[in-house]
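Sequence and predicted structure, then a few things I'm wondering about:
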Amino acid sequence: MLAHYLSFIRALSASRLGRWGVALTTSAFCTFLLIQAAMLLGLITNAYVGLIVYLALPGLFVLGLVLLPLAWWRSLRRTGLSSRELLRRHLADQELSAGVTGAPVLRTAAILTLVNVLFLGGASLRMLHFMDSPHFCGTACHEVMSPEWTTYQVSPHARVPCVECHVGEGVGALVSSKVNGTWQMISATFELYDRPIPTPVHQLRPARETCERCHWPERFYGSRLETLVHYGNDRGSTPSYTTLNLKIDSGAAGATGVHWHVGQATEVRYASRDDQREEMLWVEVRGAEGEVRRFVNTRLDDHETRSDSVRVMDCVDCHNRATHVYERPERAVDERMRLGTLDRSLPFIRREAVSALTAGYPSRDAAHRGIRDHLRGFYRRLEPAQAAAWLDRIDAAADVLVEIYDRNIHHQMEIDWGAYPSLLGHRDSRGCFRCHTRDMQDAKGRWIPDDCTLCHSILADDEPDPFAYLREVPQTGRTRAMHDYLRDEFLTSFVGEATQ
């Protein structure tokens, strides 16, 4: 068999163009197999090598295959011989003599054709599998995707492949993603992209095809307790607590909650200014019985509230940063202190940590030096006698701040603090109050409710006790009325509901 193969290759290599074709196909095939074996064994993990293996090598292989018939055709024209006569010139008679299974040259050609088809098919499948991997998405276009890759790895969805949300299921979604991916590769090559990259709200698959495969609205019921810890800027970085009992129900059995907006019995439609989903033109609610109420932004003129782009509300209208979560410096420091990774025993650590993070640095290296110098310099001035003994603790705190900085600030993409605000709640942006505002009124002048307790009961609001409003009501003070109201609201909406 080897002799037949070598004879066949010699015939194809009779011309210079044919030799190029044989060299390209053979070298691409062998190199692909070697690198693929190394990747399967874990010896090579670099995404750029993957691009070469799954894009460049198959491309060279196909180019070589194209050159072979072209070389043969040119030889026929140059010599004026027929194909059989040209074969007789380069092959022995036994290679052309017909047997039970045909001439050896035909068998060799058939076997090589089958190998080519299998190779290209296998390479295509491996290419699709590789390009669907989070590692490829995050590292192939390093400068562009480095911020998203960094935040993805520490996100709540770090074990969910990128394609589960950004591509979706079906042939149409696959083709659309590859077309979009081709444009992204062109943009990355010629630097045609924006800095920072805009949030792709218009390209995301509908939430019902992505988010709701795991998060079912009909399973959102009851409430969830959440306590937020905030640390002061005093010497001891004193903690205070905000405790919310989040009403997460989707509206089943007459209950109310934040997921009512995507419940099965309700449809919320809206139009936004410039289709950016941050300033609403109007909001329309369709109830279970088919009744419709429209609320129009009264701050705008009639002609400004017209829009051809109408959207049905779903998960990402609030959870716009469900995975690629960028932190605010104050909350990032508070969270590390809550987790115990940032040493709260250092005097004024909360204040100085935020100050060091937000000083403004021209580069990442400058930030690493500046953060460390800031903390060391501050404690040398504050406690000259103790600073040397605290050096290890100060440097450990600086390491934590460097990690926060590297996660959230990316100079090459012009991503600074607040570049990607979250629309969840109303701490980073207007969030809920995009719709829940008295500016949004219906034909009878009724506005969309904006009461805080519509979405959550408040058990403490920046208080030293995480359940301050469930304790005994103070007899005096301006907070007594609020204390009474918030306690009674919680008991009515939660405890009363639980005992029904």
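Alright, I've got the coordinates.

is it true that residue 294 lies in a strand?
Yes: judged by DSSP: H, G, I helix; E, B strand; the rest coil, residue 294 forms part of a strand.

ranges for the strands of the stretch 151-300 of the chain?
223-231, 239-247, 267-272, 280-286, 292-297 (DSSP state E, counting those that start in this stretch).

Could you export the fourth one as CSV, CA atoms only?
Presented in CSV, the C-alpha positions along strand 280-286 are these (Å, rounded to 0.1, in the frame of the first residue of the first chain):
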residue,chain,number,x,y,z
MET,A,280,-38.2,55.3,29.0
LEU,A,281,-40.5,56.9,26.5
TRP,A,282,-43.5,54.8,27.6
VAL,A,283,-44.3,51.6,29.4
GLU,A,284,-47.2,49.3,28.6
VAL,A,285,-48.6,46.6,30.9
ARG,A,286,-50.8,43.8,29.7
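
Name the residues that touch it?
Residues outside strand 280-286 that contact it (CB atoms under 8 Å, 6 or more residues apart in numbering) are 266-273, 292-297, 300, 304-307, 434-435, 440, 448. For the C-beta atoms, the positions are set from N, CA and C on the backbone; glycine is no exception.

and stretch 465-475, average pLDDT?
For stretch 465-475, the mean per-residue pLDDT is 85.

Just give me how far it sits from the chain centre.
41 Å (CA atoms, centre = their mean, to the nearest Å).

Likewise for stretch 435-450?
So, by CA atoms, centre = their mean, the centroid of stretch 435-450 is 34 Å from its chain's centroid.

With stretch 121-129 instead?
24 Å.

quick one: buried residues of that stretch?
123, 126, 127 (16 or more other CB atoms under 10 Å).

wait, what's in contact with the first one?
Contacts for residue 123 (CB under 8 Å, 6+ apart) come out as 32, 54, 57, 58, 61.

So the third one is in contact with residue 30, correct?
Think residue 57. No: applying CB atoms under 8 Å as the test, residue 57 and residue 30 come out as separate, 9.8 Å apart.

Need the single longest helix in this protein, by residues.
Ordering each helix of the chain by length in residues (DSSP state H) puts helix 104-131 first.

Pull the number of nearby residues for residue 107.
Neighbours of residue 107 under the rule other CB atoms under 10 Å: 16.

still on that earlier bit, got a ChimeraX select line for the buried ones in the contacts of strand 280-286?
Burial among the contacts of strand 280-286 is assessed by 16+ other CB under 10 Å; the matching ChimeraX selection reads:
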select :266,267,268,270,271,272,295,296,297,300,305,434,435,440,448
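
outside of stretch 173-188, which residues touch it?
131, 141, 143, 144, 163, 166, 167, 192, 193, 203, 205.

let's see 10 Å
Stretch 173-188 has contacts (CB atoms under 10 Å, 6 or more residues apart in numbering) with 51, 55, 128, 131-132, 137, 140-145, 163, 166-168, 170, 192-194, 197, 200, 203, 205, 209.

Can you give me the buried ones in it?
In stretch 173-188, counting by 16+ other CB under 10 Å, buried: 177, 184, 188.

returning to that earlier point: for residue 490, find the nearest of the strands of the stretch 151-300 of the chain.
strand 239-247 (6.2 Å; CB to CB).

the inter-axis angle of the closest one versus strand 223-231?
160 degrees (axes from the mean of the first three to the mean of the last three CA atoms, to 10 degrees).

Could you spell out the sheet neighbours of strand 239-247, each with its direction?
strand 223-231 (antiparallel), strand 456-463 (antiparallel) (DSSP bridges).

Tell me which of those sits most buried.
strand 456-463 (a mean of 20; mean count of other CB atoms under 10 Å).

on that earlier part again, quick check: the farthest pair among the contacts of residue 123?
54 and 61 (11.5 Å).

how many other residues sit next to the closest residue to residue 390 other than its chain neighbours?
Distances taken as CB to CB, 6 or more residues apart in numbering place residue 379 nearest to residue 390, at 6.0 Å, with adjacent residues excluded. The local packing of residue 379 (other CB under 10 Å) involves 23 other residues.

re earlier: buried ones in whatever helix or strand comes next after the longest helix of the chain?
Heading C-terminal from helix 104-131, the first helix or strand you meet, by DSSP states H and E, is helix 134-139. Across helix 134-139, burial judged by 16+ other CB under 10 Å covers 134, 136, 137, 138, 139.

possible to save the residues you listed as TSV with distance to residue 153 and pLDDT?
Converted to TSV, the buried residues of helix 134-139 look like this (distance: CB to CB, whole Å; pLDDT from 0 to 100):
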residue	distance to residue 153	pLDDT
134	9	81
136	14	76
137	12	78
138	8	78
139	11	75
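
What pLDDT is listed against residue 418?
91.

can you count the residues close to the nearest residue to it once chain neighbours are set aside?
With sequence-adjacent residues excluded and distances taken as CB to CB, 6+ apart, residue 418 is closest to residue 328, at 6.9 Å. For residue 328, the tally of surrounding residues (other CB under 10 Å) stands at 18.

likewise residue 35?
18.

List the buried residues of stretch 421-430.
421, 422, 423, 424, 425, 428, 429.

farthest pair in these?
Taking CB to CB, no two of the buried residues of stretch 421-430 sit farther apart than 421 and 425, at 10.9 Å.

any common contacting residues for these two?
By CB under 10 Å, 6+ apart, the residues touching both residue 421 and residue 425 are residue 431.

From the buried residues of stretch 173-188, pick the one nearest residue 245.
Among the buried residues of stretch 173-188, and counting by CB to CB, the member closest to residue 245 is residue 177, at 40.3 Å.

which stretches of the stretch 301-450 of the chain form helices?
329-339, 349-357, 364-382, 391-408 (DSSP state H, counting those that start in this stretch).

Would you reformat those as CSV and include mean pLDDT and distance to residue 229?
Formatted as CSV, these follow (pLDDT from 0 to 100; distance: least, CB to CB, whole Å):
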stretch, mean pLDDT, distance to residue 229
helix 329-339, 96, 5
helix 349-357, 97, 11
helix 364-382, 97, 22
helix 391-408, 97, 16
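
among those helices, which is the most enclosed?
Most buried among these, counting by mean count of other CB under 10 Å: helix 349-357, with a mean of 23.

beta partners of residue 247?
residue 223.

Double-check it against residue 457; I have them as touching.
Yes: with contact defined as CB atoms under 10 Å, residue 247 counts as touching residue 457 (7.4 Å).

Find residues that contact each of the two.
Counting by CB under 10 Å, 6+ apart, the shared contacts of residue 247 and residue 457 are 223, 493, 494.

related to what we said a few turns ago, need the overlap of contacts for residue 54 and residue 61.
Shared contacts of residue 54 and residue 61, counting by CB under 10 Å, 6+ apart, come down to 32, 123.

hmm, back to that, dump the helices of the stretch 301-450 of the chain to TSV, plus distance to residue 83.
Formatted as TSV, these follow (distance: least, CB to CB, whole Å):
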stretch	distance to residue 83
helix 329-339	72
helix 349-357	74
helix 364-382	64
helix 391-408	64
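
related to what we said a few turns ago, the buried residues of stretch 121-129 into a markdown table, with extra columns for distance to residue 489 and pLDDT?
Shown next, in a markdown table, are the buried residues of stretch 121-129 (distance: CB to CB, whole Å; pLDDT from 0 to 100):
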| residue | distance to residue 489 | pLDDT |
| --- | --- | --- |
| 123 | 63 | 76 |
| 126 | 58 | 75 |
| 127 | 57 | 73 |
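
List just the nearest of these to residue 360.
Nearest to residue 360 out of those is residue 127 (CB to CB; 43.3 Å).

For that closest one, which non-adjacent residue is closest in space?
residue 54 (3.8 Å).

right, and residue 292 touches residue 443 too?
No: Residue 292 lies out of contact with residue 443 (CB under 10 Å); the separation is 11.2 Å.
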